[in-house]
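Enquirer: Here's my sequence, what's the structure:
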Amino acid sequence: MSLMNIFDIAGSGMSAQSVRLNATSSNIANAESVSSNVNETYRARHPVFAAQLQTEMQKSPFDFSVSEVNSGSGVDVLGIVESDAPLQMRYEPGHPSADEKGYVAYPNVNIVEEMANMISASRAFQTNVDAMNSAKQMMQQVLTLGRS
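Expert: Numbering: from 1, shown residues only. Predicted coordinates:
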């Protein structure tokens, strides 16, 4: 792996964590939204990640050397899936969106879990930034070796 690959790998990680942060913030923003129809109620969304090498190997599994198989090459966002957890049903008979039994369907968003996801994603993003900065500093130090 060359030093230049670090920028590609860290950049793909930063992009993936940005998608994760956006999904998490969308979940938090819609945590208390309701709909008059249960099927239209917001459901928590989560991104699905995969190593880029795995994605490439599924396309052509026999075109890789042993060293390439053992090393990573970044992160792909395969998509965003909706949570299949049950909706939160709250008894609020006076609510305009209540069903005939008096229950209102709230999204299946767990605020504590979403906050933990947000902290984790922001720290992972910062770790990728730190890796890029370290690689940049190493490259600058290599350039100054010939000056002395």
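Enquirer: what's the spacing between Ala124 and Asn37?
Expert: 36 Å (CB to CB, to the nearest Å). Every residue, glycine included, has its C-beta placed from N, CA and C.
Enquirer: quick one: which of these two has more around it?
Expert: Ala124 (17 against 10; other CB atoms under 10 Å).
Enquirer: out of all of them, which helix in the protein is the longest?
Expert: The longest helix of the chain (DSSP state H) is helix 111-144.
Enquirer: Beyond whichever strand or helix holds Ser26, next helix or strand please.
Expert: In the assignment (DSSP states H and E), Ser26 maps to helix 5-29. Using DSSP H and E, the helix or strand that follows helix 5-29 in sequence is strand 45-51.
Enquirer: remind me which residues of this structure are low pLDDT?
Expert: Residues of the chain that meet the criterion pLDDT under 70 lie in 1-2, 54-72, 148.
Enquirer: Any chance you could list what contacts stretch 127-137?
Expert: Leu3, Ile6, Phe7, Ala10, Gly11, Gly13, Met14, Gln17 (CB atoms under 8 Å, 6 or more residues apart in numbering).
Enquirer: now do stretch 96-109
Expert: Against stretch 96-109 from outside (CB under 8 Å, 6+ apart): 27-28, 30-36, 38, 41-44, 83, 85-93, 95.
Enquirer: And stretch 25-43, by the same measure?
Expert: Contacts for stretch 25-43 (CB under 8 Å, 6+ apart): 44-45, 82-83, 87, 95-97, 99, 104-109, 111, 114-115, 118.
Enquirer: residues near the closest residue to Leu3 other than its chain neighbours, how many?
Expert: Spatially, and ignoring its direct neighbours in sequence, Leu3 is nearest to Ala135 (5.9 Å; CB to CB, 6 or more residues apart in numbering). By other CB under 10 Å, the residues close to Ala135 number 17.
Enquirer: What's the separation between Ala135 and Arg147?
Expert: 20 Å.
Enquirer: picking that back up, would you check how far apart the residue nearest to Leu3 and Asn5 are?
Expert: 9 Å.
Enquirer: what sits against the residue nearest the centre of the chain?
Expert: Nearest residue to the geometric centre of the chain (CA atoms, centre = their mean): Arg20, 2.7 Å. By CB under 8 Å, 6+ apart, the contact list for Arg20 reads Pro47, Asn117, Ala121.
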